[in-house]
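# sequence and predicted model, in that order:
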Number of protein chains: 2
Amino acid sequence: MARPPRRLLSHGQIVATAIRLIDSDGLAEFSTRKLAAALGVRGPSLYNYFATKEQILDAVANEIIAKVDISMLGIEPWADALRSWARSYRASMAEHPNLVPLLAVGPARRPSALAMADAVFGALVDAGWPRNRATHIGALMRYFVTGSALASFAGSFPADPEVYADRYPHLDQAHLLTAHWREVDEGAFEMGLSALLEGLQHEYERIRACRKS
Amino acid sequence: MARPPRRLLSHGQIVATAIRLIDSDGLAEFSTRKLAAALGVRGPSLYNYFATKEQILDAVANEIIAKVDISMLGIEPWADALRSWARSYRASMAEHPNLVPLLAVGPARRPSALAMADAVFGALVDAGWPRNRATHIGALMRYFVTGSALASFAGSFPADPEVYADRYPHLDQAHLLTAHWREVDEGAFEMGLSALLEGLQHEYERIRACRKS
DNA sequence: CAGAATAACTAACAGTGGAAGTTTTATGGA
DNA sequence: TCCATAAAACTTCCACTGTTAGTTATTCTG
């Protein structure tokens, strides 16, 4: 086929199909040829739209992060806002577990990730956090949220009781974890989020007390 | 070359060389042929020692986690022990940033990771935490530590000030982050760790208060 | 001392990301 | 209206990947 009457593809279409393929088959199975086939086209045609496979994946990551709700930042009190944002952030990644490894490598030059970092940092500074502390909080929240989305904790334990016998005396019930991994992961996330925010709240009050004196 | 007088390789040697290669060239560049070449051997010979590339990487992950210090667990007070363990855990991964993605996917069947989970869980239960709470704490600590090791927060911001102009008003200083990424990441980790442990300490006291009444 | 197991090898497979060059179409300027 | 150019698909090709199959020579075992 030579040049068709009209463009057969679009950036948005390619990204959407890539997300669908990665969701269903995993990141390791994802290739440019399979993506092209799913779009009804041959492999190299994709290079008319993206220069490299990496750029396609970058656009995918950008798309996912763009769906994180950041509207509460700067509006609700900082700790409440941080809690809601963290939940939305985690939920967005949990919808696409296969591409969390992509999302975990940082803002890079992705607009949506930079916009999110900007909103978080701005909300914290406006709330009275010193700038260096606000930077730390942005970082540590990302650590926690991406860590919690990256891989299931509960689901990664072997379901076979034999594994634990004798060798790991405290893990005698661990083989039951896989059955409830969703609740365990969610519970751990919520417990960690509450602990983190409680600790930060105390630090905030200590800093305010110092300022006033 | 036919069968040599003596085995040319060993599991330990293969794993050590794999770690060296991944540290220097990255996970994406790592291939069985390159590993074999570094060992003075042709590609398929590795399959006399490991059934798949994945098993080699699994052995690599096991080796790294085996170096995490867990000796304080069950000896020091639980919160102190958790702090020291988390630092050692993070330090072990930070020495090999290129293979953190491997380590992040959970205990699987790796002996060293299961031993670590066993020690953490045991220490918490012995300290009086309810078992389901101890499970959550083990999970959320792993979330935070792997998240903090997975990718530099500070180092992932573009160093080019142009990127931030106008679009991201609060990030006007973000281009300076890359220069100090080590301190920023370390500071964020320590701040998060302290906040997390402070929050958990409060929760612990609340639970103890309930028990006594 | 015969034969089995071992540990290296070469050759080959299907699949990968990507580059080069080809062909046809749409479009903008004279 | 005609033509040059750029666009967007194509085919072909390359080096590389993980892995399997089959070969060969050596060592170990009965």
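Done, it's in.
# who are the contact partners of the residue nearest the centre of chain A?
The structure's chain A has its C-alpha centroid closest to residue A:93; by Cα atoms, centre = their mean the separation is 4.1 Å. Residues near residue A:93 by Cβ atoms under 8 Å, 6 or more residues apart in numbering or on different chains: A:64, A:100, A:103, A:145, A:146, A:149. All C-beta spots, glycine's among them, are computed from the backbone N, C-alpha and C.
# using TSV, lay out those residues together with secondary structure and distance to chain B.
Formatted as TSV, these follow (DSSP: H, G, I helix; E, B strand; the rest coil; distance: Cβ to the nearest Cβ, whole Å):
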residue	secondary structure	distance to chain B
A:64	helix	16
A:100	helix	9
A:103	helix	10
A:145	helix	7
A:146	helix	5
A:149	helix	9
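# using TSV, lay out the residues you listed together with distance to DNA strand C.
Formatted as TSV, the contacts of residue A:93 follow (distance: Cβ to the nearest atom of the strand, whole Å):
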residue	distance to DNA strand C
A:64	19
A:100	19
A:103	19
A:145	28
A:146	24
A:149	24
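# tell me how many other residues crowd the residue lying closest to residue A:175 once chain neighbours are set aside.
Leaving out its chain neighbours, the residue that sits closest to residue A:175 by Cβ to Cβ, 6 or more residues apart in numbering or on different chains is residue A:161, at 4.4 Å. Residue A:161 has 13 neighbouring residues, counting by other Cβ atoms under 10 Å in any protein chain shown.
# which pLDDT value belongs to the residue nearest to the centre of chain A?
Listed pLDDT for residue A:93 reads 94.
# measure it to chain B for me?
Taking Cβ to the nearest Cβ, to the nearest Å as the measure, residue A:93 falls 11 Å from chain B.
# phi, psi of that residue?
phi -70, psi -40 (degrees, to the nearest 10).
# next: residue A:173.
The phi/psi pair for residue A:173 (degrees, to the nearest 10) is phi -110, psi 0.
# in chain A, which spans are helices?
A:11-25, A:32-38, A:53-66, A:78-94, A:100-103, A:111-126, A:131-150, A:181-212 (DSSP state H).
# over to residue A:51: give its phi and psi.
phi -70, psi -30.
# hey, which of the helices of chain A is tucked in deepest?
Across the helices of chain A, averaging neighbours per residue (mean count of other Cβ atoms under 10 Å in any protein chain shown) puts helix A:131-150 on top, at a mean of 24.
# how about the contacts made by residue A:131?
A:125, B:173.
# point out where chain A drops to low pLDDT.
A:1-6, A:43, A:106-107, A:212-213 (pLDDT under 70).
# related to what we said a few turns ago, would you point out the most distant pair within the contacts of residue A:93?
A:64 and A:145 (13.0 Å; Cβ to Cβ).
# what about residue A:156, how many neighbours?
21.
# nope, residue A:95 is what I was after
Burial of residue A:95 is recorded as 13 neighbouring residues (other Cβ under 10 Å).
# of the helices of chain A, which approaches DNA strand D most closely?
helix A:32-38 (6.7 Å; Cβ to the nearest atom of the strand).
# closest one to residue B:49 among the helices of chain A?
Of all these, helix A:100-103 comes closest under Cβ to Cβ, at 27.5 Å.
# ok, now which ones touch residue A:78?
Counting by Cβ under 8 Å, 6+ apart, residue A:78 touches A:123, A:124, A:127, A:129, A:204.
# can you do 7 Å?
Residues in contact with residue A:78, defined by Cβ atoms under 7 Å, 6 or more residues apart in numbering or on different chains, are A:123, A:124, A:127.
# quick check, the second one in contact with residue A:137.
Pointing back at residue A:124 there. Yes - if you go by Cβ atoms under 7 Å, residue A:124 and residue A:137 touch, sitting 5.7 Å apart.
# returning to that earlier point: distance of the residue nearest to the centre of chain A relative to residue B:144?
According to Cβ to Cβ, to the nearest Å, residue A:93 and residue B:144 sit 16 Å apart.
# show the contacting residues for residue A:8.
residue A:41.
# who's in contact with residue A:187?
residue B:136.
# now with 8 Å, please.
B:132, B:136.
# before we move on, what about residue A:73?
Listed by Cβ under 8 Å, 6+ apart, the contact partners of residue A:73 are A:81, A:85, A:119, A:120, A:122, A:123.
# skipping adjacent residues, who's closest to it in space?
The shortest distance from residue A:73 to any non-neighbouring residue, by Cβ to Cβ, 6+ apart, is to residue A:123 (4.0 Å).
# quickly note the distance from that neighbour to residue A:48.
41 Å.
# repeat for residue A:151
Distance from residue A:151 to residue A:48, by Cβ to Cβ: 36 Å.
# who's more crowded, the two?
Shown here are residue A:151 and residue A:48; by other Cβ under 10 Å, residue A:151 has more neighbours (21 against 11).
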